[in-house]
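Asks: Could you look at this predicted model? Sequence included:
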Amino acid sequence: MCEPVRLLHLSDLHFRGRTHWDSDPVLRALTGYIAAEVRGGLAPDLVVITGDLAFAGGKDEYAAARIWLERELWPALTRDPAAPLDRDRLLLVPGNHDADRGLVGKGVRFMQDGLLEERSQEAVADLLRDDHGRAGLLRRHDAYLVFYSEWLGADQPLPWWQSTFQIRGQRLHAAGLGSAWMACGDTDRGRLLLGRYQINQTVLHPDGEGAHWRLALLHHPWDYLAEFDTHEARQLIHLHRDLVLRGHLHEGEAALVRPADPARAYLELAAGCVYDGSRYPNAFQWIELSPQPRRVRVKFRTWNKGAWQVDRNQPGCPDGQADFPPDPTPPPSLATPADALILHPSSLIPHPSPFTPRRLSPLVAPPVRSSRTPGSGGPDATPHPAQPGLCPRHHARPARRGGAEPERAGRAAG
């Protein structure tokens, strides 16, 4: 049996100077727990952080995050400290706490109100293609983008990207989405945008064609997007992605969503919050992608009574894990007139799977090009390096290894 590709899924760490006294023990225990699991065989190929690395998008917060990543988390990810995981294996997207609200002036708010009132993807694209307009909108992410650029050792001028990885014969395409480029307050729900312009440069990038696994990473649940944007974005992401990884709501969740069209089935995984206070049940996930048989295994972890441990309280997961067959083709007996059937771990684990996995292309993939390519010249155009939009992303290369249903509210979102 082929070894799965393994992802460590973290979210909502909320680095903040005034809570360091309380978060430090939780994060030290987290890296110690991860290190022990790595020694037991759970070494990650990719580390995914789906937003809110910082608390207020400040430089000092990212400086603290970088120290923790470099000195504590990264050394814990491989059995051999002399063979660390490559830095481009950190897949990061911004959350609302990665936006500096103080940099969102009246003029920018006026532009945002105009976009929401016009309800036009063409207007969104025109503004994001304009150097001056785009700079004003994205200024709130300045410290975040500087941090991520320095971590990668490559310029990262935009909060969205796409990247391809070749790992043990499996090709993964990741679309990192910026859902917080309009975030500016406590009334963001229903007022954020992804935009077709961003989707075309990431989710629909040609590098994703033929990938064995297609991932979308974003911070916010769907109901945080404006109505005119969420319908289009969700349809495109569901059709062109196998997994959606997200954060924001501070409780972990895993749900297989099966619309009437099985081609639009997808698995949505919310990591939970790594730090929401030492007295709360913080959480993270391991995600394993197996090619044959095609399967996603999610391992749930939680912080409970001062220690990280296997989360055995997920519904239907007495052993703290759930198996999901992606892209199910439902038999006639399971047909439903509803738009989508939501399957939770409790309905999947106790019984043999009734689903038929999608037919895969051979696992001998062609050479993989680099990713984080520049963006498109318009809302419907094919991405092209000469146009403003996407920045270069790191090159794909073999990984080095050292020895839902629509979201329901959890605790207060970060």
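Replies: Nice, thanks for sending it over.
Asks: Stretch 169-180 spans what distance, first to last residue?
Replies: 34 Å (C-alpha to C-alpha, to the nearest Å).
Asks: go on, stretch 46-57?
Replies: With C-alpha to C-alpha as the measure, stretch 46-57 spans 24 Å from end to end.
Asks: Same question for stretch 308-320.
Replies: OK, stretch 308-320 end separation, C-alpha to C-alpha: 13 Å.
Asks: how about that stretch: buried residues?
Replies: Across stretch 308-320, burial judged by 16 or more other C-beta atoms under 10 Å covers 308, 310, 311, 314, 317, 320. In this view, the C-beta of every residue, glycine as well, is placed from N, C-alpha and C.
Asks: CSV please, covering these and showing secondary structure and distance to residue 7.
Replies: Converted to CSV, those look like this (DSSP: H, G, I helix; E, B strand; the rest coil; distance: C-beta to C-beta, whole Å):
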residue, secondary structure, distance to residue 7
308, strand, 18
310, strand, 17
311, coil, 17
314, coil, 18
317, coil, 18
320, coil, 17
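Asks: Where is pLDDT lowest across these?
Replies: pLDDT across the buried residues of stretch 308-320 is lowest for residue 314, at 89.
Asks: Who are the contact partners of it?
Replies: By C-beta atoms under 8 Å, 6 or more residues apart in numbering, the contact set of residue 314 is 252, 254, 300, 320, 322, 345.
Asks: And stretch 124-133, how far out from the chain middle?
Replies: 25 Å (C-alpha atoms, centre = their mean, to the nearest Å).
Asks: Likewise for stretch 121-141?
Replies: With C-alpha atoms, centre = their mean, you get 22 Å for stretch 121-141.
Asks: Next: stretch 277-289.
Replies: On C-alpha atoms, centre = their mean, the centre of stretch 277-289 falls 14 Å from the chain's centre.
Asks: Endpoint to endpoint, that stretch covers what distance?
Replies: By C-alpha to C-alpha, one end of stretch 277-289 lies 31 Å from the other end.
Asks: Tell me which residues of that stretch come out buried.
Replies: 277, 278, 280, 281, 282, 283, 284, 285, 286, 287, 288, 289.
Asks: For the residues you listed, could you give me a markdown table that also reports distance to residue 103?
Replies: Output for the buried residues of stretch 277-289, formatted as a markdown table (distance: C-beta to C-beta, whole Å):
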| residue | distance to residue 103 |
| --- | --- |
| 277 | 27 |
| 278 | 31 |
| 280 | 30 |
| 281 | 33 |
| 282 | 29 |
| 283 | 31 |
| 284 | 30 |
| 285 | 32 |
| 286 | 36 |
| 287 | 34 |
| 288 | 39 |
| 289 | 38 |
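Asks: and those residues, which of them are in strands?
Replies: 283, 284, 285, 286, 287, 288, 289 (DSSP state E).
Asks: Is it possible to get TSV of these that adds pLDDT and distance to residue 191?
Replies: Shown next, in TSV, are those (pLDDT from 0 to 100; distance: C-beta to C-beta, whole Å):
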residue	pLDDT	distance to residue 191
283	95	27
284	97	29
285	97	28
286	98	34
287	98	30
288	97	36
289	97	34
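Asks: What distance do you get for the most centrally placed residue in the chain to residue 203?
Replies: Of all residues in the chain, the one closest to the mean position by C-alpha atoms, centre = their mean is residue 217, 2.5 Å from it. Taking C-beta to C-beta, to the nearest Å as the measure, residue 217 falls 11 Å from residue 203.
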